[in-house]
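**Q** Sequence plus the predicted model coming up.
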Amino acid sequence: MSQPTLVVMAAGIGSRYGGIKQMATLGPGGEILLDYAVYDALHAGFGEIVFIVREEILDDFRQHVEAGLARHCSVRYALQRIDAIPEGCSVPADRTKPWGTGHAVLAAADVVTGPFGVINADDFYGRESFELLCRYLGGLPADAASEGMALVGYPLEHTLTDHGHVSRGVCRLSDDGTLAEINERKRIQRFGEAVRYAVSEAEWKDVDPSTLVSMNMWGFPASFMRILDERLATFFAAHANELSTAEFLLPEVVGDMVREQKAAVRVLRTQAEWFGVTYPEDRMRVEQAIGRLTQAGVYPSPLWSG
């Protein structure tokens, strides 16, 4: 059985690495969070790694990757181009940022031939999560249809920061454990022992801290690329008057398919430790967590020395 591919969304990384959180060195050997994600993915059984990047940062990004992790696995690059849009459409003159996570994944359509996982470049997901996802993808046939989707779900309380609000895809599950609904909550925050999300500037609602949320860790069959391509055309038609700012987001694509009963998404529950640098104040906690894991022997230092 072939090893699944891991697609890493890194197109949001800026061209100047100074101050860009995705490229912040957080490990004792100068590692970034991306290094630990790939290290865990390889140990879990993933094969080729595909990085989605923008053309203007490709050379600098490759320099980091090929100095370390690329010596230990097969690496490919796919470019997320702002002009890679449906025929007959045009890019607004004031459009400056990429089209979103759904568009980013579609950029890898030509290099992904079998089941694949998707992650952000700037999150620490924990090895257990990669093991769950790799085991699931390893059981999919190469020609699996849309029933072969999966989402790794984290308890909300494991993904919060003490320094402000976060944005999370809050999941509701069906009785059979599949995804019934996913709602993006832009502002979720701790208030003492409670966790709440903002309905408006003045109104907040409680949310159960144990509720599962998406951290953009997905599993898909190769056929999902065709679905993304079709839905990108629909997106451009539906947002014709707001293409300066509209985003084609992966959770919204999957959520729409679930509502339309065109997809079944298995939710893989994990208790793995997630962390990331949402605010500058988070950096010390992340450095300390990686330091503890390194001292415990989970990771060597430097990570790619072997």
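**A** Great, that's in hand.
**Q** after the helix or strand bottoming out on mean pLDDT in the chain, next one along is what?
**A** Ranked by mean pLDDT, DSSP states H and E, the weakest helix or strand in the chain is helix 58-67, scoring a mean of 88. Next along the chain after helix 58-67, taking DSSP states H and E as the criterion, comes strand 75-79.
**Q** What is the least confident helix or strand of the chain packed up against?
**A** strand 49-53, strand 75-79 (3 or more CB pairs under 8 Å, 6 or more residues apart in numbering; DSSP states H and E). Any C-beta I mention is one placed from the backbone N, CA and C, and that applies to glycine too.
**Q** Could I get those strands in JSON lines, plus columns for mean neighbour count, distance to Glu66 and mean pLDDT?
**A** Output for the helices and strands packed on helix 58-67, formatted as JSON lines (neighbours: other CB atoms under 10 Å; distance: least, CB to CB, whole Å; pLDDT from 0 to 100):
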{"stretch": "strand 49-53", "mean neighbour count": "24", "distance to Glu66": "11", "mean pLDDT": "95"}
{"stretch": "strand 75-79", "mean neighbour count": "17", "distance to Glu66": "8", "mean pLDDT": "96"}
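**Q** With just CA atoms, put the longest helix anywhere in the chain into CSV.
**A** Longest helix in the chain, counting residues (DSSP state H): helix 224-238. What follows is helix 224-238, C-alpha atoms only, in CSV (Å, rounded to 0.1, in the frame of the first residue of the first chain):
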residue,chain,number,x,y,z
PHE,A,224,-11.4,15.9,-4.1
MET,A,225,-9.2,18.0,-6.4
ARG,A,226,-11.8,17.7,-9.1
ILE,A,227,-14.5,18.8,-6.6
LEU,A,228,-12.4,21.9,-5.6
ASP,A,229,-11.9,22.8,-9.3
GLU,A,230,-15.7,22.7,-9.9
ARG,A,231,-16.5,24.6,-6.8
LEU,A,232,-13.9,27.3,-7.5
ALA,A,233,-15.8,28.2,-10.6
THR,A,234,-19.1,28.4,-8.6
PHE,A,235,-17.3,30.5,-6.0
PHE,A,236,-16.2,33.1,-8.6
ALA,A,237,-19.7,33.3,-10.1
ALA,A,238,-21.3,33.7,-6.6
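**Q** and that helix, what other elements does it pack with?
**A** Helix 224-238 packs on helix 101-106, helix 250-259, going by 3+ CB pairs under 8 Å, 6+ apart.
**Q** Spit out the contact partners of the residue nearest to Gln3 when sequence neighbours are not counted.
**A** With sequence-adjacent residues excluded and distances taken as CB to CB, 6 or more residues apart in numbering, Gln3 is closest to Gly47, at 3.1 Å. Contacts here follow CB atoms under 8 Å, 6 or more residues apart in numbering; on that basis Gly47 touches 2-5, 73-74.
**Q** Cheers, nothing more for now.
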